[in-house]
Structures are given as C-alpha cells and as structure tokens.
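**Student:** Model the structure of this input:
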Amino acid sequence: MDEVNPLMLGKIKELAVSSKSETASLRHHFHQNPEIAWEEVETTKKVIEVLEGLGFSIVKKGFGGTECGVVADMKGGKPGKCVALRGDMDALPLVEENDVPYKSQKASAMHGCGHDAHTAMLLGAARVLSEIRDEIPGTVRLLFQPAEESGLKSGAKAMVEEGALEGVDAVAGIHTWASAPTGTILYRFGPIMAAADGWYLTLKGKGGHGSTPELCIDPTITAANIVLNLQAIVGREVSAKETVVVSTGTVKAGISVFNIIPDTVEMNGTVRSFNPAVQDHVESAMRRVIAGACQIGRCTFELDYKRFIPATINNNDVTAVAKEVFDAVAGPENAKETPLIMGSEDFSYFQQKVPGTYFLLGTGNPDKGTDNPHHSPKFNVDDDALPLGVTALAGFAWNWLSKNS
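**Tutor:** Model (predicted):
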C-alpha cells in the first residue's frame, strides 16, 4: 500500500484546526437544541443550510417517512470512486445536569452521547473537504443519520433501505469516547461492537395458595431453572475463543403477596455477540433450553426474541487506510487498537452494505468534566477534541479516495 501523503494530511489538519471555533459553535448549537430519534427536523434543516453554503449537493432529505436525515454529495476535481462519512444526529430523553452556557434548552432531551459532536465534526469535515475540492479524486458522500438510539427503528437501517449507499464504495463513522483521553483515537480490525439482541419470555403455570404447592404449577421454579441454565449455553456450548453474553434483566412474578404462588412469570434480558454464527446458535439454544425447562416444570411459554442491531464489524482493508491517517495525525502513541466493546451501534447496517470502518475519538478530560459516562445527565464533550475528529474524517476520505480511485 502506498504511504499516506503527509503534505495533504498536514493541510487537512491545518484547516481543521483553523475552523475549530466554527465546529465548536455548531456543536453548541446542536447541544442547545437537541431532538430525539425521528424528531431531528430542525437539526436536519441546519445541516442542509451549512452544506448548501459549502457547495454540497443534497441527494436526499428525509428518511423513514419523516423529514429527518440528509444525504449530500461533493464531487472532487478529479474522477474516482465514492466514499461516505456518517454522523448521527439524535439526542436522548435525559434531563441535562451540566452547567454550561450551551446547556440544553429542552427539559426532556439532551445530547448525552456525543451526537452533537458527530454532526458538528462531519460538517467540519465538509468544510475542510470543500477547501481541497479540486484535489479530491472522486466523490465524498455525507450521511447525516437520524435515530441511532432507536433500536428496531434504526435510522441507519432506514437510510440503507432507502438508497443512501447507492454508488458508495466505502464508508467510515466516528464516535466520541469519554473513557479515552482527548487527543487519542481508537480503532479495531474486524469486530468492534457487539450485536444487540433482546428476549422477552412469559411463563404460564397454575397459581394457588403457597401452603398447597402440590395443587399448583409453579412458574417461579421454572424461571429459576431458566436463569441458571441459560448460562450453560455460554459456558458449555460456545467456544471459549468467542465472546458472548447472555443476561437476564428482569424477572416479574406475583402481586406482592407472600402466600400466593403466581400464575405467570415475565422475564426479559439481552444477548451480546460478535460472530453471526454464535448469535444464531445462542438463539436456537435458548429456545431449546426454555422449552426443556418448561416441559420439566409443566409450564407453557411464549418467547419473543428480537435482533435489534447487528455486530459492528470493521473491514480490514478500509481500517488499514484509516489507521494510516490516525497514526499520522494523532501519532502512533495516541492511535491504539481498542478491545472489543459490548455495546452496539447501528453503523453496522452500513457495513453490511459496503466495506466500512468505525472508530472512536477520545474526548475525556477530567479537568473539564468530559469523562462522565455516555448516556448520563452530566455527559459532555471536550471541544479541544473536535479538530482531531474533523481531521480524521476528512483525512480518511481523502486517503481512501486517493488510494482507490
């Protein structure tokens, strides 16, 4: 593989640094005006306003039957392939506890996961790329995605189904990471984030008085056996070389009366995995274990098993191109491979369509209070991290196109 062009990356980094105030201002705007999944109408309008001012063509506006989400293109000065960059836009239904000038103006929503920074950095990358447009060999497509936090109603899935990746050859996405220091970038070859499945189980027996259990069919015994036996799937049916989690989240039984055996137990939980074959096996094994426990316990059951988000699996070739950029702009000591992450990310839907890579931008700074966990009311992003994120996005787009066009 040809070496990365240090002069061009230097120029991209210089442009990103010089536009830091604009990028930070955009982040603060989005932070003050958060919109939750599938309600990002005003965010979409603001994104389009900025993109049109930079000379991007709006390919499509609105996905999932809404006015949320934008796809925009910029053709470079030379012919070539098409690379896409993605930023998600939705906020969370949280009440912000940060005391900052740009605090959320909505009592019931805040950007508690960094999507305000993702949107701002993608617009920052658009600004940088527009400055070097004549030198870009190919087309850059920007994907401003709604509803990353929406599970089965994923915005990424809707965008893919509605043609957002038509003509795209590779894709990259970024996420702020509060547990990594500002100035760092985390990447990974192969799987990086887990598939997220959910299971919802109802057990039905025959209730009665606690003093006469022989007259009942006690679903709580069956529930207890299921909780224990599900762990045997992980421990005895999946290779120790694989990573998988089966968790029981809730068990609900009875009506808070100590001497009554309930008719019904409701249970739910989650499964996290990285290998699709393991994901298939665990679901099949769960159905077998539950059916067997219910046969032994004389219960009937209803199981609803949902696959919310596929595993996020980075393409090795695309990631190698990205790593070149990360090493060059952050320094090899600050560009590190991350361990597997058990959380999920619907960027995986883009990767199922075209080769892609997903990476993390360190934004944690204890002195500024930006090391609080994601999805917490005190989550915030260190603005000093923004230029590196912009550089990484724009640098990847230029580097991938220059090597593949």
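**Student:** Could you report the distance from Ala330 to Lys13?
**Tutor:** 10 Å (C-beta to C-beta, to the nearest Å). The way it works is simple: take the backbone N, C-alpha and C, and place the C-beta from them, glycine included.
**Student:** Return the per-residue confidence for the spatially most central residue of the chain.
**Tutor:** With distances taken as C-alpha atoms, centre = their mean, the residue of the chain nearest its centroid is Glu345 (2.5 Å). If you check Glu345, the pLDDT there is 98.
**Student:** and it, what does it touch?
**Tutor:** Neighbouring residues of Glu345 by C-beta atoms under 8 Å, 6 or more residues apart in numbering: 148, 173, 175, 193, 309, 312, 358.
**Student:** what pairs with the second one across the strands?
**Tutor:** Read it as Gly173. Arg86, Tyr358 (DSSP bridges).
**Student:** Leaving out sequence neighbours, find the closest residue to Lys78.
**Tutor:** Leaving aside its chain neighbours, Lys78 sits nearest to Pro137 (4.0 Å; criterion: C-beta to C-beta, 6 or more residues apart in numbering).
**Student:** picking that back up, out of the contacts of Glu345, list just those in helices.
**Tutor:** Judged by DSSP state H, the contacts of Glu345 include no members of helices.
**Student:** from memory Arg27 sits against Asp384, does it?
**Tutor:** No. Here Arg27 does not reach Asp384: they are 11.8 Å apart, not a contact under C-beta atoms under 8 Å.
**Student:** Between those two, which has more neighbouring residues?
**Tutor:** A count of neighbours by other C-beta atoms under 10 Å puts Arg27 above the other of Arg27 and Asp384, at 25 against 15.
**Student:** Now for the more buried one: which residues touch it?
**Tutor:** By C-beta under 8 Å, 6+ apart, Arg27 lies in contact with 116-117, 119-121, 381, 383, 386.
**Student:** re the thing from before, so when I look at the residue nearest to the centre of the chain, I'm seeing a helix, right?
**Tutor:** No. Assigned with DSSP: H, G, I helix; E, B strand; the rest coil, Glu345 falls outside any helix and is coil.
**Student:** average model confidence for the helix ranked longest in the chain?
**Tutor:** For the chain, the helix with the greatest residue count under DSSP H is helix 276-297. The pLDDT scores in helix 276-297 average 98.
**Student:** What are the buried residues along that helix?
**Tutor:** By 16 or more other C-beta atoms under 10 Å, the buried positions in helix 276-297 come out as 278-279, 281-283, 285-286, 289-290, 293-294, 297.
**Student:** Stretch 261-280 too?
**Tutor:** Across stretch 261-280, burial judged by 16+ other C-beta under 10 Å covers 261-275, 278-279.
**Student:** all helices of the chain, in order?
**Tutor:** 6-18, 20-32, 41-53, 115-131, 155-161, 219-237, 276-297, 316-330, 348-353, 386-404.
**Student:** Surely Arg133 is in contact with Gly76?
**Tutor:** Yes. Between Arg133 and Gly76 there is a contact under C-beta under 8 Å: 5.9 Å.
**Student:** Give me the more crowded residue out of the two.
**Tutor:** In terms of neighbours (other C-beta under 10 Å), Gly76 is the more surrounded of Arg133 and Gly76; the figures are 21 against 15.
**Student:** which residues touch that one?
**Tutor:** 133-140, 401.
**Student:** Now restrict those residues to buried residues only.
**Tutor:** The neighbour count (16+ other C-beta under 10 Å) marks 136-140, 401 as buried among the contacts of Gly76.
**Student:** Show me those residues that map onto strands.
**Tutor:** 137-140 (DSSP state E).
**Student:** Now tabulate these in TSV and tack on pLDDT and distance to Glu242.
**Tutor:** Listed next are those as TSV, based on pLDDT from 0 to 100; distance: C-beta to C-beta, whole Å:
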residue	pLDDT	distance to Glu242
Pro137	97	41
Gly138	98	38
Thr139	98	39
Val140	98	37
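**Student:** Just the closest of those to Ile221, please.
**Tutor:** Val140 (59.7 Å; C-beta to C-beta).
**Student:** can you pull up the bridge partners for the closest one?
**Tutor:** Met74, Val83.
**Student:** which ones are touching it?
**Tutor:** The contact partners of Val140, by C-beta under 8 Å, 6+ apart, come to 73-74, 76, 82-85, 129, 397, 401.
**Student:** you'd agree Gly77 is up against Ile136?
**Tutor:** Yes. Using C-beta under 8 Å, Gly77 is in contact with Ile136, at 6.3 Å.
**Student:** Which pair in the buried ones among the contacts of Gly76 has the greatest spatial separation?
**Tutor:** Greatest spacing in those, by C-beta to C-beta: Pro137 and Val140 (10.6 Å).
**Student:** which residues do those two both contact?
**Tutor:** Common neighbours of Pro137 and Val140, using C-beta under 8 Å, 6+ apart, are 76, 401.
**Student:** ok, Gly207 to Pro262 distance?
**Tutor:** As defined by C-beta to C-beta, Gly207 lies at a distance of 5 Å from Pro262.
**Student:** what does Val83 give?
**Tutor:** Distance from Val83 to Pro262, by C-beta to C-beta: 56 Å.
**Student:** Reformat the contacts of Glu345 as TSV; add distance to Lys336, pLDDT and neighbour count.
**Tutor:** Converted to TSV, the contacts of Glu345 look like this (distance: C-beta to C-beta, whole Å; pLDDT from 0 to 100; neighbours: other C-beta atoms under 10 Å):
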residue	distance to Lys336	pLDDT	neighbour count
Glu148	24	98	24
Gly173	18	98	27
His175	15	98	26
Met193	16	98	27
Ile309	25	97	24
Thr312	18	98	27
Tyr358	15	98	27
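**Student:** In strands only, show me those residues.
**Tutor:** The strands, defined by DSSP E, take in 173, 175, 193, 309, 312, 358 from the contacts of Glu345.
**Student:** which residues does the last one contact?
**Tutor:** So that's Tyr358. Counting by C-beta under 8 Å, 6+ apart, Tyr358 makes contact with 172-175, 192-193, 312, 314, 345, 347, 351.
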